[in-house]
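**Student:** Quick one, structure for this:
(one chain, ligands or ions: 2)
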Amino acid sequence: SKKFVQIAIDGPASAGKSTIAKLLAKQLRYVYLDTGAMYRAVTWWALKNHLPLNDEKAILQSLGHEPIVFVPAADGQHVRLFDTDITTAIRSEDVTNNVSQVSALPGVRAEMTKRQREIAAGQDIVMDGRDIGTTVLPHADVKIFMVASVAERAKRRFKDNAEKGIHVPEETLAKEIAARDYKDSHRAESPLKKAADAVTIDTTHLTIPQVVAAIVTEIEKKRPTRAK
Ligand code: CDP
Ligand code: CDP
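**Tutor:** Ligands and ions are numbered 1, 2, ... in the order given. As a prediction, this is how the structure comes out:
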């Protein structure tokens, strides 16, 4: 059977993972899977239904077998759950500030990991998240650990927010980012951690095209016998 290519991109919030993963997938003609959007979708659902965010049984039962669907659209990938377009809703501050609690639940992680592996099974894929190289796709062909300083990441999020008309002070964003880094790195189940065989890319002083090029270089390194 054909072996599909897997590219895993992990790292903390606002390091540039989704921006770069999306561009890379487009360039390589691979599918892009935003696993953070899946945890955000579950969090959105739990908040909407007023489920206790520490009750994984209630959350999973309420979610059932409902798939979190990614729909290609002119303005990027749309996320749907229970026939509702939640693309914008899952980026709210409310979801952002509660997602680490929901993503720490072992049952939720097991379910999302299973779904992510099913999606990767039949196609070449670029997947980004926190535990792709360590847990979801431990045999990924290329693993990238993307980092950037907290100050730079707060600056990026501030700019993203400003474009959406949201005004949260940069200092608050820096605190929120640091808090989420801490929670994501210290949870018991698949914490954010560099895989032993991952390549670290610090994007603090790199442009987006420079980061894409750096990853393409890593992919080329893994294909020394590729026909020219
Ligand atoms: O885009 P941003 O960096 O804000 O985060 P995200 O990729 O949308 O992920 C949101 C949250 O989901 C993270 O803070 C983690 O708590 C969780 N997550 C995870 O636990 N495992 C993943 N593979 C992806 C995201
Ligand atoms: O997915 P993740 O949370 O890691 O980050 P992102 O949402 O892709 O990137 C956060 C912001 O940083 C976006 O507005 C990107 O355009 C920007 N960015 C940048 O300015 N320079 C980079 N080298 C990478 C991302």
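
**Student:** From here on, just use CA atoms for contacts and neighbour counts.
**Tutor:** Will do.

**Student:** Quick check, pLDDT for residue 45.
**Tutor:** Note on residue 45: pLDDT of 98.

**Student:** Now do the helix or strand where it lies: distance to the chain's middle.
**Tutor:** For residue 45, the host element (DSSP states H and E) is helix 35-48. Put simply, helix 35-48 sits 12 Å off its chain's centre (CA atoms, centre = their mean, to the nearest Å).

**Student:** ok, now stretch 31-46?
**Tutor:** With CA atoms, centre = their mean, you get 8 Å for stretch 31-46.

**Student:** Now for residue 66, how many residues are close by?
**Tutor:** 11 (other CA atoms under 10 Å).

**Student:** Kindly report the same for residue 84.
**Tutor:** By the criterion of other CA under 10 Å, residue 84 has 8 neighbours.

**Student:** For the helix holding residue 45, name the packing helices and strands.
**Tutor:** Where contact means 3 or more CA pairs under 8 Å, 6 or more residues apart in numbering; DSSP states H and E, helix 35-48 is packed against helix 56-63, helix 93-103, helix 106-121, strand 125-129.

**Student:** any chance of the ones you listed in a markdown table, with mean pLDDT and mean neighbour count too?
**Tutor:** Formatted as a markdown table, the helices and strands packed on helix 35-48 follow (pLDDT from 0 to 100; neighbours: other CA atoms under 10 Å):
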| stretch | mean pLDDT | mean neighbour count |
| --- | --- | --- |
| helix 56-63 | 98 | 16 |
| helix 93-103 | 94 | 19 |
| helix 106-121 | 97 | 16 |
| strand 125-129 | 97 | 27 |
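
**Student:** can you pull the contacts of residue 25?
**Tutor:** Residue 25 is in contact with 31, 32, 125, 126, counting by CA atoms under 8 Å, 6 or more residues apart in numbering.

**Student:** beta partners of the residue nearest to residue 33 when sequence neighbours are not counted?
**Tutor:** With sequence-adjacent residues excluded and distances taken as CA to CA, 6 or more residues apart in numbering, residue 33 is closest to residue 127, at 4.8 Å. Note on residue 127: beta-bridge partners by DSSP bridges are residue 8, residue 33.

**Student:** Would you mind listing the residues in contact with residue 127?
**Tutor:** The contact partners of residue 127, by CA under 8 Å, 6+ apart, come to 6, 7, 8, 9, 21, 32, 33, 34, 35.

**Student:** got the residues you listed as a markdown table, with distance to ligand 1, pLDDT and neighbour count columns?
**Tutor:** Output for the contacts of residue 127, formatted as a markdown table (distance: CA to the nearest ligand atom, whole Å; pLDDT from 0 to 100; neighbours: other CA atoms under 10 Å):
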| residue | distance to ligand 1 | pLDDT | neighbour count |
| --- | --- | --- | --- |
| 6 | 15 | 97 | 24 |
| 7 | 13 | 98 | 25 |
| 8 | 10 | 98 | 28 |
| 9 | 9 | 98 | 29 |
| 21 | 11 | 97 | 26 |
| 32 | 13 | 96 | 22 |
| 33 | 10 | 96 | 23 |
| 34 | 7 | 96 | 20 |
| 35 | 5 | 97 | 20 |
